[in-house]
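1. Build the 3D model from these lines:
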Amino acid sequence: MIFTHENPPCLAPECRLPPGLCPRRIGHPDAFTPDRHPRYLDYLRTQVRELLTGYGRLDILWFDGLGKTAADYGAVEVNHMARELQPHLLINNRNGLAEDFDTPEQRVGKYQDHRAWESCITICRQWAWKPNDEMKSLKDCLQTLALCAGGDGNLLFNVGPMSDGRIEPRQVGRLKEMGAWLATYGESIYATRGGPWHPTRIVASTRKGSTVYLHIFRWEKETLELPALPRAVKSAASLGGGRATVRQQNGKLTVSVDPAARDAIDTIVKIELAGSAVDIPAIALVPPIKATASNVYHPNMADHGPQQAFDHDPSTRWATDAGTKQAWIARDLEKPVTVGRVRINEAIGERVRRFEVGYREGDGWQTIFAGEKIGRAFTKVFPPVTAREFRLNILEATDGPTIAEIEFLEK
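-> Residues are numbered from 1 along each chain as shown. Now for the predicted structure:
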């Protein structure tokens, strides 16, 4: 990992680095001013060269700087040098260049099979170890793993060492539980590609050869219905034992598993097809969300785009740049819809101080109602309005607004 202004180490009193080169000073507001910037770039190049020449073959260089441009990090020159020193190197997307793979943070990435990605997620709430930090359940850990694989991505699962260098025993225990699960069901994860269906909060799928592995996280009905595949189903079996039945007809693939054989965390059905499963085009289970916003935090990472506020997933969010005091976000429903109620949840604190909810009429916007604070559970009923596009217009905020969910609903 490379230290940048976003990720500075602590400055100990005995630090002997020259003024202006101390990594902590890199985080100072004037760190990228003309007089400091050349010295910072020299420091960064020297650090990268040392890492890539003193430790044998390395495969990944994972920068952790965000919010600045490639020029700020001297990324073109640094990355070129890195690849000359380590020709097999993979470089992530966090020093201003897209490079080899994307890194969605603290969330599962969206289905993406045209470019590599890995979600970086913590086993607890913090990146560094903290006593009594809230640890994710085995269910959360395993479903996160399956969702990443089902989205055609990888999982970087962070476990921070304690002050004495050991991994906390309860975290070791959780990792061993995951290892035991993989020892039994690893064929549905290892060496697979995501798909053919896009993952949702209910189901994920992986594939290799002529095999599809269907991960079912919960059963809302006695059977699960998915869009049919363009290959005949030869056989189906539950990896956990018990009977599994898969049928295709009328454009639907229907799956059932004996209730006694369903797993509370992940029921895995292995489906053998009459032909390749890998070359089937991915099938979206949820229609794409059309949304726009005036400002997005770190837009090159696609972590905090406006779509995140309308995906019915409270763990994702639309976010704006720090210091943003005004911003808007709009949802295009693609056809006129009658709306008489809105629910809005801020993701962090109560930053919004004044806002309007409105709808598009012709080339302009009409206000439905105005308000002040939003907070975590804002709801408002209003006289029904029929329109195709609705907007939350934040007129005043204490800091960059960040919204977990917006729902425009019938009354």
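2. How are the strands of the stretch 101-250 of the chain distributed by residue range?
-> 101-102, 116-122, 154-158, 193-194, 203-208, 211-216, 224-227, 233-238, 244-249 (DSSP state E, counting those that start in this stretch).
3. Save those strands as CSV, and put in mean pLDDT, mean neighbour count and distance to residue 282 too.
-> Just so you know, the C-beta spots here come from the backbone N, C-alpha and C atoms, and that holds for glycine as well. Converted to CSV, the strands of the stretch 101-250 of the chain look like this (pLDDT from 0 to 100; neighbours: other CB atoms under 10 Å; distance: least, CB to CB, whole Å):
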stretch, mean pLDDT, mean neighbour count, distance to residue 282
strand 101-102, 96, 20, 17
strand 116-122, 95, 19, 14
strand 154-158, 97, 17, 17
strand 193-194, 98, 20, 8
strand 203-208, 98, 25, 10
strand 211-216, 98, 24, 12
strand 224-227, 96, 15, 11
strand 233-238, 97, 16, 18
strand 244-249, 96, 16, 18
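4. So which of the ones you listed is nearest residue 404?
-> Nearest to residue 404 among the strands of the stretch 101-250 of the chain is strand 116-122 (17.2 Å), distances taken as CB to CB.
5. Let me know the angle separating the closest one from strand 154-158.
-> Angle between the axes of strand 116-122 and strand 154-158 is 20 degrees (criterion: axes from the mean of the first three to the mean of the last three CA atoms, to 10 degrees).
6. wait, what's in contact with the residue nearest to residue 263 when sequence neighbours are not counted?
-> Take residue 263 and drop its neighbours on the chain: the residue closest to it by CB to CB, 6 or more residues apart in numbering is residue 240, 5.4 Å away. By CB atoms under 8 Å, 6 or more residues apart in numbering, the contact list for residue 240 reads 261, 263, 267, 268.
7. Can you report phi and psi for residue 97?
-> Torsion angles at residue 97 (phi, psi; degrees, to the nearest 10) stand at phi -120, psi 150.
8. Tell me the pLDDT of the residue nearest to residue 263.
-> On the pLDDT scale, residue 240 is placed at 90.
9. returning to what we had before: now, which of the contacts of residue 240 lie within strands?
-> 267, 268 (DSSP state E).
10. Show me which of the contacts of residue 240 has the smallest pLDDT value.
-> residue 261 (93).
11. wait, isn't that residue in contact with residue 238?
-> Yes. With contact defined as CB atoms under 8 Å, residue 261 and residue 238 form a contacting pair (5.3 Å).
12. Now the common contact residues for those two.
-> Here residue 261 and residue 238 have 244, 267 as joint contacts, going by CB under 8 Å, 6+ apart.
13. does residue 46 belong to a helix or a strand, and which?
-> For residue 46, the host element (DSSP states H and E) is helix 37-53.
14. ditto for residue 360
-> Per DSSP H and E: residue 360 is located in strand 352-361.
15. Then residue 87?
-> Per DSSP H and E: residue 87 is located in neither a helix nor a strand.
16. Tell me, how many residues neighbour it?
-> 8 (other CB atoms under 10 Å).
17. Next up, phi/psi of it, please.
-> Per degrees, to the nearest 10, the backbone of residue 87 is at phi -60, psi -30.
18. okay, the strands of the stretch 101-250 of the chain in JSON lines with distance to residue 169 next?
-> Output for these, formatted as JSON lines (distance: least, CB to CB, whole Å):
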{"stretch": "strand 101-102", "distance to residue 169": "32"}
{"stretch": "strand 116-122", "distance to residue 169": "17"}
{"stretch": "strand 154-158", "distance to residue 169": "17"}
{"stretch": "strand 193-194", "distance to residue 169": "33"}
{"stretch": "strand 203-208", "distance to residue 169": "30"}
{"stretch": "strand 211-216", "distance to residue 169": "29"}
{"stretch": "strand 224-227", "distance to residue 169": "38"}
{"stretch": "strand 233-238", "distance to residue 169": "34"}
{"stretch": "strand 244-249", "distance to residue 169": "37"}
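19. Identify whichever of the ones you listed lies nearest to residue 324.
-> Residue 324 lies closest, by CB to CB, to one member of these: strand 101-102, at 23.6 Å.
20. And the contacts of the closest one?
-> 90, 92, 93, 109, 112, 115, 116, 117, 118, 301, 302.
21. if I look at residue 208, how far off is residue 145?
-> As for residue 208, its distance to residue 145 is 16 Å (criterion: CB to CB, to the nearest Å).
22. For residue 194, which residues are in contact?
-> If you count contacts by CB under 8 Å, 6+ apart, residue 194 has them with 111, 113, 149, 150, 151, 152, 153, 204, 205, 206, 207, 282.
23. ok, now with 7 Å
-> 111, 113, 149, 150, 151, 152, 206 (CB atoms under 7 Å, 6 or more residues apart in numbering).
24. my read: the third one touches residue 207, true?
-> Right, the one you point to is residue 149. No. Counting by CB atoms under 7 Å, residue 207 is not a contact partner of residue 149; they are 10.1 Å apart.
25. Quick check: neighbours shared by those two?
-> By CB under 7 Å, 6+ apart, residue 149 and residue 207 have these common neighbours: residue 192.
26. List the buried residues in stretch 92-107.
-> Of all the residues in stretch 92-107, those buried under the rule 16 or more other CB atoms under 10 Å are 92-97, 99, 101-105, 107.
27. Determine how far stretch 85-102 lies from the middle of the whole chain.
-> On the basis of CA atoms, centre = their mean, to the nearest Å, stretch 85-102 sits 19 Å off its chain's mean C-alpha point.
28. for stretch 313-327, that is, sorry about that
-> For stretch 313-327, the distance from its own C-alpha centre to the chain's C-alpha centre is 15 Å (CA atoms, centre = their mean).
29. ok, and what's touching it?
-> Stretch 313-327 is contacted from outside by 107, 201, 293-297, 304-306, 308-309, 329, 345, 347, 394-397, 399-405, using CB under 7 Å, 6+ apart.
30. Quick check on the residues you listed: which are buried?
-> Buried subset of the contacts of stretch 313-327 (neighbour count, 16+ other CB under 10 Å): 107, 293, 295-297, 304-306, 308-309, 329, 345, 347, 394-395, 397, 400-405.
31. So which of those sit within strands?
-> Among the buried ones among the contacts of stretch 313-327, the subset assigned to strands under DSSP E consists of 293, 329, 345, 394, 395, 397, 402, 403, 404, 405.
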